[in-house]
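Asker: using only what follows, build the 3D model:
(chains A and B)
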Protein chains: 2
Amino acid sequence: MSGTVTAVAPSNLAFVKYWGARDLERAIPRHPSVSMALSRCRSRCTVAPRPDDGDEVLLAREGGELEVAPEDFAEPVLRHVERLRRRAGGGASLRVATRNNFPTGAGLASSASGFAALTMACARVFGLQPSPEELSVLARSSGSGSAARSTLGGYVQWPESDDDLEGAAARLAPAEHWDLRDVVALVDPGRKEVSSREGHRRAESSPHFRRRLQLVPERLAEVRGAIRERDLRRLGPVLETEAVELHLVAMSSRPPVFYWSPGTLRVMEAVRSLRTEEGIGAYYTIDAGPNVHVICRPQDEERVVERMRALRPVRSVLRDRVGAGPRYDGEHLL
Amino acid sequence: MSGTVTAVAPSNLAFVKYWGARDLERAIPRHPSVSMALSRCRSRCTVAPRPDDGDEVLLAREGGELEVAPEDFAEPVLRHVERLRRRAGGGASLRVATRNNFPTGAGLASSASGFAALTMACARVFGLQPSPEELSVLARSSGSGSAARSTLGGYVQWPESDDDLEGAAARLAPAEHWDLRDVVALVDPGRKEVSSREGHRRAESSPHFRRRLQLVPERLAEVRGAIRERDLRRLGPVLETEAVELHLVAMSSRPPVFYWSPGTLRVMEAVRSLRTEEGIGAYYTIDAGPNVHVICRPQDEERVVERMRALRPVRSVLRDRVGAGPRYDGEHLL
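Answerer: Below you'll find the predicted structure:
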């Protein structure tokens, strides 16, 4: 259909985490975060004008068929479409279709890639023509802070400076700079009773949150230095410290938030033993869920995958790597 | 044999934890801790003069037979015997025999009960006649801080005041004051690669340790108030906060220390669901290891035991309760 636009945006994996916000509604963080754009975990979003009706949100099931999205998925999408239309000074009603090419419900963040792709598609269909910086800020305005990082490829910091926490993401290095692999160990989930959003909100109630804010600047500098020098031995310990600290803040929030499942600990232990017993440079990081991302060099990927597959609580293993970032293409869902 | 003395001392379970020390060698803590003496988990220690030879340390195996203790067990025992003999101005060489009536190697702290019983037995055989306060301080001088709490029964704070961190433990309430039960879920251990002693030492390197020190006074007050009022709903949340915070400090120490195993998380989750789904007042606490102590009222003990037994990673369940404290008796091991 004429006027149809499709954007594809990657998920991203935070090395220095975004947890707790100055303004949660607008996703204004307390400090910058740094991430790596992924290559295979991504969202595809097609928008098509629908002149005679209201907005509609469709979601692809695992088989690929589109169906009307459940309300908890559709509602923030509809609000973001409306926000972008207002920003453009008006525009047609839209049919919006989204497909994630990674298992939904696996606890992998899909809001970052989903809102980045939605923002790009809507921006074009509404004729907004944002600069890259404006695009990042528009994506963030969805309420998903990490979406601000998914509008860029390679290694990304958001916001660029801690002098302007409402600012855009900036690329630290392109994907070609450093070929890092991400072996994702999907584990038997515990009950995820608390959404990431609620976890963010509670973060401020942790007695350890303020201390974390003091610790982050040094980690940001360390991570940027490690990326610049392509030094995994320098990056790795910061990854693991950040991974654990997010959960320490969560578990000490009031009421406490527990995202780790028993399998999470098993994987962490296996990663440490890959290092100590086999000398393999593999390091874990963990988002607000039970799954573990294991970062390593290309030559170690096979061994890491093998080790993860051998662990009983690991249901499946995804292989991903640093990716080039979002794009528009012609493979429409509608 | 004439001159033979036997003392029995309980293990104890800390509600507010001792973690990190001002002086680790002498076990001078940074703040008071509060514990409950246990009833069934205890150590029996018999000492007998051995005039024609040097000191010797025997340890009972699970079957009960005594054998010469391995060096890592014997060495601190021998040093403590020598310390107490010097304090008494001299005395005979001793044969020392110890038996723990809870599974050794199960990761349950045996140094508290063991050193308390040893201190009592040696004090008597060397004619020291310490006051209760002196006894607590002598037990602590072994290097096991929690031994200072095991010289008393019921609910105990050590040291009594944070104005004198070298001071003795004091009883907050006798066992009869409040019949609390401790259901111990022994889980498949991960590798305990780091001793509690080394964990204590590393605690100071955690960026969250200083903050913890600021948080403890309020928790001490809360726990004392809850014990006074026999209010489990008030005690429980502090227990769980303290349990998690010890591990939070451990996991953020440098290098990090991980004591939880996958089963630990499974038990924690089950305890929370006993509360939320069945309305049972059960709360966990965890020492420097993977096992979980579930505190509850007598009328809920059966249901807690049943639930723990149904969990796959739980190898066995011990039932314990608040206990009356140490004593001398005539059932000698030698």
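Asker: ramachandran angles for A:Ser11?
Answerer: Note on A:Ser11: backbone dihedrals following degrees, to the nearest 10 are phi -70, psi 170.
Asker: ok, now which ones touch it?
Answerer: With contacts taken as C-beta atoms under 8 Å, 6 or more residues apart in numbering or on different chains, A:Ser11 has the following neighbours: A:Ala37, A:Leu38, A:Cys41, A:Arg42, A:Ser43, A:Phe102, A:Leu108, A:Ala109, A:Ser110, A:Ala112, A:Ser113, A:Ser150. Using the backbone N, CA and C atoms, a C-beta is placed for each residue, glycine as well.
Asker: how about these in CSV, adding pLDDT?
Answerer: CSV is the format used below for the contacts of A:Ser11 (pLDDT from 0 to 100):
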residue, pLDDT
A:Ala37, 98
A:Leu38, 97
A:Cys41, 94
A:Arg42, 95
A:Ser43, 96
A:Phe102, 82
A:Leu108, 71
A:Ala109, 66
A:Ser110, 83
A:Ala112, 95
A:Ser113, 96
A:Ser150, 98
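Asker: drop anything exposed from these.
Answerer: Buried by 16 or more other C-beta atoms under 10 Å in any protein chain shown: A:Ala37, A:Leu38, A:Cys41, A:Arg42, A:Ser43, A:Phe102, A:Leu108, A:Ala109, A:Ser110, A:Ala112, A:Ser113, A:Ser150, out of the contacts of A:Ser11.
Asker: which element follows the helix or strand harbouring A:Val137 toward the C-terminus?
Answerer: A:Val137 belongs to helix A:132-140 when elements are defined using DSSP states H and E. Once the chain leaves helix A:132-140, the next helix or strand it forms, by DSSP H and E, is strand A:155-158.
Asker: mean confidence score for that following strand?
Answerer: Averaged across strand A:155-158, the pLDDT comes to 98.
Asker: check stretch A:203-214 too.
Answerer: So the average pLDDT for stretch A:203-214 ends up being 97.
Asker: now for A:Glu218, how many residues are close by?
Answerer: Residues lying near A:Glu218 (other C-beta atoms under 10 Å in any protein chain shown) number 11.
Asker: returning to what we had before: distance between the helix holding A:Val137 and the chain's centre?
Answerer: 15 Å (C-alpha atoms, centre = their mean, to the nearest Å).
Asker: what average pLDDT does that helix get?
Answerer: Rounded mean pLDDT across helix A:132-140 is 98.
Asker: for A:Thr285, see how far away the residue lying closest to A:Ala27 once chain neighbours are set aside is.
Answerer: Closest residue in space to A:Ala27, ignoring its immediate chain neighbours: A:Gly145 at 3.8 Å, by C-beta to C-beta, 6 or more residues apart in numbering or on different chains. For A:Gly145, the distance to A:Thr285 equals 17 Å [C-beta to C-beta, to the nearest Å].
Asker: next one: A:Ser261
Answerer: 16 Å.
Asker: and if you look at A:Arg307?
Answerer: 17 Å.
Asker: what about the longest strand along chain A, distance to the chain center?
Answerer: Across chain A, the longest stretch assigned as strand under DSSP state E is strand A:33-49. Put simply, strand A:33-49 sits 9 Å off its chain's centre (C-alpha atoms, centre = their mean).
Asker: buried set for it?
Answerer: Residues A:33-39, A:41-49 are the ones in strand A:33-49 that count as buried (16+ other C-beta under 10 Å).
Asker: what is the helix holding A:Val137 packed up against?
Answerer: Counting contacts by 3 or more C-beta pairs under 8 Å, 6 or more residues apart in numbering or on different chains; DSSP states H and E, helix A:132-140 is packed against helix A:111-125.
Asker: does stretch A:220-235 come close to chain B?
Answerer: No - residues of stretch A:220-235 are not located near chain B by C-beta under 8 Å from any C-beta of the partner chain, the shortest gap being 13.7 Å.
Asker: check the offset of stretch A:140-149 from the chain's centre.
Answerer: For stretch A:140-149, the distance to the chain centre is 9 Å (C-alpha atoms, centre = their mean).
Asker: try stretch A:167-181
Answerer: Centre to centre, stretch against its chain (C-alpha atoms, centre = their mean), the figure for stretch A:167-181 is 14 Å.
Asker: swap in stretch A:112-131?
Answerer: The mean C-alpha position of stretch A:112-131 is separated from the chain mean by 17 Å, C-alpha atoms, centre = their mean.
Asker: low pLDDT regions in the stretch 151-300 of chain A?
Answerer: For the stretch 151-300 of chain A, the stretches flagged by pLDDT under 70 are A:189-192.
Asker: now the strands: where do they sit in it?
Answerer: Taking DSSP state E, counting those that start in this stretch as the test, the strands found in the stretch 151-300 of chain A are A:155-158, A:170-173, A:181-187, A:283-285, A:292-296.
Asker: and the fourth one, what other elements does it pack with?
Answerer: If you count contacts as 3+ C-beta pairs under 8 Å, 6+ apart, strand A:283-285 packs onto strand A:5-16, helix A:232-251, helix A:262-278, strand A:292-296.
Asker: again with the third one
Answerer: Applying 3+ C-beta pairs under 8 Å, 6+ apart, we find strand A:181-187 packed against strand A:33-49, helix A:262-278, strand A:292-296, helix A:301-309, strand A:314-321.
Asker: what do you get for the first one?
Answerer: Using 3+ C-beta pairs under 8 Å, 6+ apart as the contact test, the elements touching strand A:155-158 are strand A:33-49, strand A:170-173, helix A:209-229.
Asker: show residues contacting the longest one.
Answerer: Read that as helix A:209-229. Residues from elsewhere that reach helix A:209-229, judged by C-beta under 8 Å, 6+ apart: A:15-16, A:19-20, A:30-32, A:34, A:155, A:157, A:162, A:172-173, A:177-178, A:203, A:231-232, A:234-235, A:238, A:241-242, A:245, A:249, B:207-208, B:210-211.
Asker: just the buried ones from those residues?
Answerer: A:15-16, A:19-20, A:30-32, A:34, A:155, A:157, A:172-173, A:178, A:203, A:232, A:235, A:238, A:241-242, A:245, A:249, B:207-208, B:211.
Asker: if we can go back for a sec, so which of the helices and strands packed on strand A:181-187 is nearest B:Glu75?
Answerer: Among those, helix A:262-278 comes nearest to B:Glu75, with 27.2 Å by C-beta to C-beta.
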